[in-house]
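Student: okay, here's the prediction I keep looking at, along with the sequence it came from:
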Amino acid sequence: MNAPTANLTPPNLTHWAERVDMAAAFRWTARLNMHESIANHFSLAVNPEGSRFLINPNGRHFSRITASSLIEIDANDPSTMDRPDAPDPTAWGLHGSVHRACPHARCVMHVHSIHATVLASLADSRLPAIDQNSAMFHNRVVVDDHYGGMALGDEAARCAEMLADPKITTMVMGNHGVLVIGATVAETFNRLYYFERAAETYIRALQTGRPLRVLPEAIAEKTAQEWESYPGFGNAHLRELKAILDAEDPAYSS
């Protein structure tokens, strides 16, 4: 009689559905040109405490990420950077710090996308609610005005502390980029997508030199809450992206 194999699953085959979702998010981010070189990172907590998480392997382009290539690491394991498959140091610094400090941040996506980074480069990096998309983030964004270098050590921990309020979904990292958090891959990617869209709309509106039509506080907050309760939107968004990838680039789910 063969011995049971339930406990012999290779580490890169656990949490398979979550891995496929992550790989799809990486591939679509590359399609949208929101990635940068072999930099930037997405992570997803896979234990109840939020300390163990999946993250992209060091030096892998977003367009080549697969479900099985994601590595699983522990934010509380100081020997992580001694592993042969150790993640990028800034990935360990920033994502490890967020997953240690903010258990509610199940998924963390950080990019240097063009329009979010332009916003992060302005003296005033706030995103006003000037349309339905930007209203999604009303009162839910924190702006880091104190960039102190790459996200290593104390700098990474400082950034993580700014996400302590569960209402905050997005951090505009001044002079750096954007970081978005959420409960699932679908929710977080949907926010990342819409933040970049909202930042682009705002920047293009500024370029006209004409006055902005900013939503009143009550309407902006009402719209943000309506986005939060809109049934299944993020899940449907990711489902459709995976359907396209299944037809055009199925290797992502391998």
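Tutor: It's in. Worth saying up front: this structure is predicted, and the values here are computed from it rather than measured.

Student: where along the stretch 1-150 of the chain do the strands fall?
Tutor: 41-45, 52-55, 71-74, 107-111, 141-144 (DSSP state E, counting those that start in this stretch).

Student: possible to save these as a markdown table with mean pLDDT, distance to Trp16 and mean neighbour count?
Tutor: For glycine as for every other residue, the C-beta is placed from the backbone atoms N, C-alpha and C. Output for the strands of the stretch 1-150 of the chain, formatted as a markdown table (pLDDT from 0 to 100; distance: least, C-beta to C-beta, whole Å; neighbours: other C-beta atoms under 10 Å):
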| stretch | mean pLDDT | distance to Trp16 | mean neighbour count |
| --- | --- | --- | --- |
| strand 41-45 | 98 | 12 | 26 |
| strand 52-55 | 96 | 11 | 22 |
| strand 71-74 | 94 | 12 | 19 |
| strand 107-111 | 98 | 16 | 26 |
| strand 141-144 | 98 | 33 | 18 |
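
Student: using a markdown table, please lay out these together with distance to Leu152.
Tutor: Output for the strands of the stretch 1-150 of the chain, formatted as a markdown table (distance: least, C-beta to C-beta, whole Å):
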| stretch | distance to Leu152 |
| --- | --- |
| strand 41-45 | 13 |
| strand 52-55 | 16 |
| strand 71-74 | 16 |
| strand 107-111 | 14 |
| strand 141-144 | 15 |
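
Student: and these: which comes nearest Lys222?
Tutor: Lys222 sits nearest to strand 141-144 of all these, at 17.0 Å, using C-beta to C-beta.

Student: and the angle for the helix or strand just after that closest one with strand 107-111?
Tutor: Note on strand 141-144: by DSSP states H and E, the next helix or strand toward the C-terminus is helix 153-161. Here helix 153-161 runs at an angle of 120 degrees relative to strand 107-111 (axes from the mean of the first three to the mean of the last three C-alpha atoms, to 10 degrees).

Student: and the contacts of the next helix or strand after helix 153-161?
Tutor: Next in sequence after helix 153-161, counting helices and strands by DSSP H and E, comes strand 170-173. Contacting residues not belonging to strand 170-173 are listed as 110, 116, 119-120, 125-127, 137, 140-144, 147, 159, 162-163, 178-181, 191, 195 [C-beta atoms under 8 Å, 6 or more residues apart in numbering].

Student: now, of those, which are buried?
Tutor: For the contacts of strand 170-173, a neighbour count by 16 or more other C-beta atoms under 10 Å gives the buried set as 110, 116, 119-120, 125, 127, 137, 140-144, 159, 162-163, 178-181, 191, 195.
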